[in-house]
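Engineer: no FASTA, just this:
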């Protein structure tokens with residue numbers, strides 16, 4: 001796992017200022033026992049920025065064709081990955097390897113208790129984008145639901161502004 005300090009060092013004392021446009025490609029696979037896995041692939045335009053503490057990725061995601069897209073925020077730091085979604089499908093999940101996180105999933109038909117246990121977490125991010133891989137067990141309302149594997153691929157546009165490290 002690459003730390004934010006290592007990311008800053010990898011650009012030889014420089015870092016980009018402000019936001020950088022990225023393409024966010026998401027490949028998700030969920031499976032339960034011997035059942036056929038469910039695969040989902042989504043591509044969205046977004047932004048990426050690097051702060052002193054973390055990398056932040058923002059993009060819009062449409063979960064329901066009858067509703068407008070909702071903003072998703074990924075925050076990647078030395079502890080792991082935080083995923084936050086706003087709107088009618090509001091959700092906040094924290095992924096730390098070998099850790100459990102509990103939250104509430106707000107949906108248009110009512111809230112659900114959700115818990116994730118992160119079994120694998122890897123990421124490698126630099127000024128050009130990178131990858132985030134998360135594997136986790138999902139429980140809904142206290143019951144085992146399924147296993148998930150999600151891979152985010154971030155591809156940055158080549159025209160980022162760069163500045164000197166303060």
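Structural biologist: Sure, I can see it. Bear in mind the structure is a predicted one, so any value in this text is a computation, not a measurement.
Engineer: Could you list the low-pLDDT ranges of this protein?
Structural biologist: 1-18, 159-166 (pLDDT under 70).
Engineer: Helices of that one, start to end?
Structural biologist: Counting by DSSP state H, the chain has helices at residues 4-10.
Engineer: What segments of it are strands?
Structural biologist: Ranges of strands in the chain, per DSSP state E, are 14-16, 20-31, 38-50, 55-61, 70-77, 80-85, 91-95, 100-107, 110-126, 129-140, 143-156, 162-164.
Engineer: With mean neighbour count as new columns, can those be given to me in TSV?
Structural biologist: In this view, the C-beta of every residue, glycine as well, is placed from N, C-alpha and C. Below are these laid out as TSV (neighbours: other C-beta atoms under 10 Å):
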stretch	mean neighbour count
strand 14-16	16
strand 20-31	17
strand 38-50	15
strand 55-61	19
strand 70-77	18
strand 80-85	19
strand 91-95	20
strand 100-107	14
strand 110-126	16
strand 129-140	18
strand 143-156	17
strand 162-164	10
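Engineer: any idea how far residue 151 is from residue 39?
Structural biologist: Taking C-beta to C-beta, to the nearest Å as the measure, residue 151 falls 11 Å from residue 39.
Engineer: Hmm, I typed the wrong one, I wanted residue 53.
Structural biologist: Residue 53 is 34 Å from residue 39, where distance means C-beta to C-beta.
Engineer: go on, residue 49?
Structural biologist: 30 Å.
Engineer: got it, and residue 103?
Structural biologist: For residue 103, the distance to residue 39 (C-beta to C-beta) stands at 25 Å.
Engineer: Bridged to the residue nearest to the spatial centre of the chain, which residues?
Structural biologist: The residue lying closest to the centre of the chain (C-alpha atoms, centre = their mean) is residue 74, at 4.2 Å. In this entry, residue 74 is beta-bridged to residue 57, residue 83, by DSSP bridges.
Engineer: again, but for residue 70
Structural biologist: For residue 70, the beta-bridge partners are residue 61 (DSSP bridges).
Engineer: isn't it right next to residue 61, touching?
Structural biologist: Yes: using C-beta atoms under 8 Å, residue 70 is in contact with residue 61, at 5.9 Å.
Engineer: so what sits against both of these two?
Structural biologist: Residues touching both residue 70 and residue 61 (C-beta atoms under 8 Å, 6 or more residues apart in numbering) are residue 85.
Engineer: which ones are touching residue 82?
Structural biologist: Residue 82 is in contact with 73, 74, 75, 92, 93, 94, 95, counting by C-beta under 8 Å, 6+ apart.
Engineer: Contacts only, for the last one.
Structural biologist: In other words, residue 95. Contacts of residue 95 (C-beta under 8 Å, 6+ apart): 80, 81, 82, 83, 101, 116, 118, 121, 134, 136.
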